[in-house]
Structures are given as C-alpha cells and as structure tokens.
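Q: Have a look; sequence and predicted model below, questions after that.
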Amino acid sequence: MPVNNRIADFHAEITEWRREIHQNPGLLYDVEHTANLVATKLREFGCDEVVEGIGRTGVVGVIKGRQSNSGKVVGMRADMDALPIQEKSDLPHKSKIPGKMHACGHDGHTAMLLGAAKYLAETRNFDGTAVVIFQPAEEGGAGGKAMCDDDMMARFGINEVYGLHNIPGLPVGDFAIRPGAIMAGTDEFTIIVEGHGAHAAQPHNGIDPIMVASQMVSALQSIVSRNVNPISSAVVTVTAFQAGQAYNVIPQTAKFWGTIRTLDPQVRELVHTRLKRVVESIAVAHDCTVDIAMKDGYPVTVNHDAETDFAAQIAKEIVGDARVNVEQPPVMGGEDFSYMLEERPGAFIFMGNGDTAGLHHEEYDFNDEAIPVGSSYWAKLAERAMPAT
C-alpha cells in the first residue's frame, strides 16, 4: 500500500511544525520549545493523556483505539534534541539560535511522529493503545535511559517499542533494518600521562609525556587490527590530545581521550582490557605514571527478531518490498534507543533522507519530502500491531 492519503493531506502542516522546530533548537534536556510545541499539539489532537516531564523534559501522549479488547500497548519514539553546531545555511527556516542546529534530523523525527499522532487520534482504527514518546537528550545525554528510569514502560503499560532514524544517502522512500545489533555500544576513555617536566633542550633531564602518550596513541591502533577477530567489529579512535604550552618546555603531563565502539559484549570487554594493558605497559617502560578513566556509554542497539520482521513488513506495505533492505550492515554510531530495547522488545529502522549533507554536518537539513513516508510508517505500524476487529 502507498503513503496514507489522509497523512498526505496534511503534509504541508507537518512540514510547518518541522521547520518551526528546526528554527528553535535545544541541546540535551533543554528542549522546552519543542516539548511545549509537542504537548500543545497532542492536546489539540485530542490525545487521551499527555504527560510532560518524563525523563526531565520528555513528553508522552496516549491514544486509545476504538476498541481496547486486546489490551496491547505499542510505544513509538522520536528524539527532540539538537547539536552544538553553527548552521551553515541560507534556508528561510535556518536555526535562530547561534551555535545550535538540528544537524541530525530530530526535528523531522518529532514532526513525523506528531503527524502520525494526529492521524491516529482522528481515526482510532485500532484495538489497543498507541503511546507516542518524544525524548530529549539523545545526543550524548542518555535521555532514553532517563525516560526509562522514570518507569515509563510500566507506567504506560508499553508492551513493545519502536524507533526510527533518517539516513542521508539512502533514497527517500527506502528503509533499512536488520535483526540483532544494528548500532554500536559507545564507550569513552581518558588517559593522563604523568612524566617529568624539563627544558626542551635538555630532554635527558626529564621524562617526556608527549613522546610516551604518542606511543600509546599509535599502539592503541593495534587492538582492533591484531586483537579483535576480523569477523567482529570494533573501533578505537583517539579524538583529542593536549599537552604543553611553550616551544621550549617539556611538560609534566599529557592527556588524550577518545571513543570505543563495539557490537558485542565480549569484544567490548576485550577492547577495554587491552587498552588498559597497552597503556600501562608503555607507561612502565618509560618510568611514567598513568591515570586511565573509562566511561560506559550507550549500550549496543539490539533489534528483536520478531519485531524486526514486523517493522520491515510495515515498511514494505508503505513503499514496496524492493525498497526495504532487511540486511542493513550494523552502523558504528551509537543510539540511546538501546535503553528502551533493553526494557521491551522492539526494533529500530533507518529511513532514507535522500541526497543531502551527512548527519552532524553544518549544512545538513531534514528532507521534508520524507515526511509522508515516515508518518505513514508510524500510523500503519500502530494499526497493524493492534488490528481492529
């Protein structure tokens, strides 16, 4: 079946919401403008319940079907937060707030789910309850965890939960999904090397932490290439290096940090163990001391088998079998929808954004032509998951 005709009728209206959200971005939990817009719209639609402040600034809307015999409750989630990036655009709807922009399409995600909520509240052609979840702080703030920690799943009786993210480069109207691990776990490390400061012309009187830390950075690259099974996936990337302030001084300390990405708990443990051993061994070899701080990030996003098959079938009903890739390779980016999938069965699907700038790029913009596809996906998912009799 094609895009929902009723949703297509208010494509322009959903686009207006999306562009208003784009103009007023908020970071992490500071998404008051978007959360207020969402809550206002959900009440206008006639949702049976609208609850604000879940996970600090999250919003949940409850829409009951014409029948409630099944007792089934399906959650559908969109993220609301933006990124600390200065938008490079001449678009009429560009960000009004310097240094903040929707560079990942969360404005589109929110607008599409709002569009589906409007349709579902109007038609209610399902047997059960649809719960629309609007989450803050996906971009590093673990807003998904915060909403789960507020007992969202039990409070609203959610049985299964679904998420969606746009992907630049994938044509509009295409979907991609896979069972199992679809996005990586994301951990962080910070390493501080303590040497012995000296005059740059007298290195023999000191212990150069820059030289030692540089060896560590190079050696860490051997973990993935020589310790991780080539069939498995892992990333160890150093993203910053700080040391010294003068041309003629060997500093006392050097500091660097970065990220670890894995798709498997055993690989994750291996990488953590090897990182510590490599760094500590190099420090000992050069008579340095080292402080290693590891921070666990988002878990691996793991799609459940039955729900993945169901989500793929819904996408096929909207755009046709040929436009749904059910063998999407895992993506090494992270996603805090993982916390929701740890609490309830569900699936996370990618949707094409067309030939646009990449995610987290200063010239990125969500493709409004994708709106009817995404909103139709959500509406059809609710109706098919809880069919009216």
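A: Perfect, thanks for sending it. Residues are numbered from 1 along each chain as shown.

Q: Now stretch 356-375: buried residues?
A: 356, 359, 361, 364-368, 370-375 (16 or more other C-beta atoms under 10 Å). To be clear about C-beta, it is placed using only N, CA and C from the backbone, and glycine gets the same treatment.

Q: How about stretch 32-49?
A: Quick answer for stretch 32-49 (16+ other C-beta under 10 Å): 33-35, 37-39, 41-42, 45, 47.

Q: quick one: the most centrally placed residue in the chain from residue 181, how far?
A: By C-alpha atoms, centre = their mean, the chain has its centre lying nearest to residue 335, at 3.2 Å. Applying C-beta to C-beta, to the nearest Å, the value for residue 335 to residue 181 is 11 Å.

Q: any low-confidence regions in the chain?
A: 1 (pLDDT under 70).

Q: can you list the domains in it?
A: 5-183+300-385, 185-295 (automatic domain parsing).

Q: tell me the most buried of those domains?
A: For the domains of the chain, the largest average neighbour count (mean count of other C-beta atoms under 10 Å) is found in domain 5-183+300-385, namely a mean of 21.

Q: Isn't residue 152 up against residue 146?
A: No: counting by C-beta atoms under 8 Å, residue 152 does not reach residue 146; the two are 9.3 Å apart.

Q: Touching both of those two, which residues are there?
A: 55, 58 (C-beta atoms under 8 Å, 6 or more residues apart in numbering).

Q: overlap in contacts of residue 335 and residue 181?
A: Contacts common to residue 335 and residue 181, judged by C-beta under 8 Å, 6+ apart, are residue 301.

Q: how far away is residue 17 from residue 108?
A: 10 Å.

Q: One more: residue 380?
A: Relative to residue 108, residue 380 is positioned 18 Å away (C-beta to C-beta).

Q: Next: residue 287.
A: Counting by C-beta to C-beta, the gap between residue 287 and residue 108 amounts to 54 Å.

Q: for residue 194, same thing?
A: From residue 194 to residue 108 the distance is 47 Å (C-beta to C-beta).

Q: Kindly report the same for residue 270.
A: 37 Å.

Q: Residue 302 now?
A: Taken as C-beta to C-beta, the span from residue 302 to residue 108 is 25 Å.

Q: Likewise for residue 332?
A: Note on residue 332: its distance to residue 108, by C-beta to C-beta, is 23 Å.

Q: Residue 350 too?
A: Distance from residue 350 to residue 108, by C-beta to C-beta: 13 Å.

Q: ok, residue 236 - contacts?
A: Contacts of residue 236 (C-beta under 8 Å, 6+ apart): 220-221, 223-224, 258-260, 271, 275.
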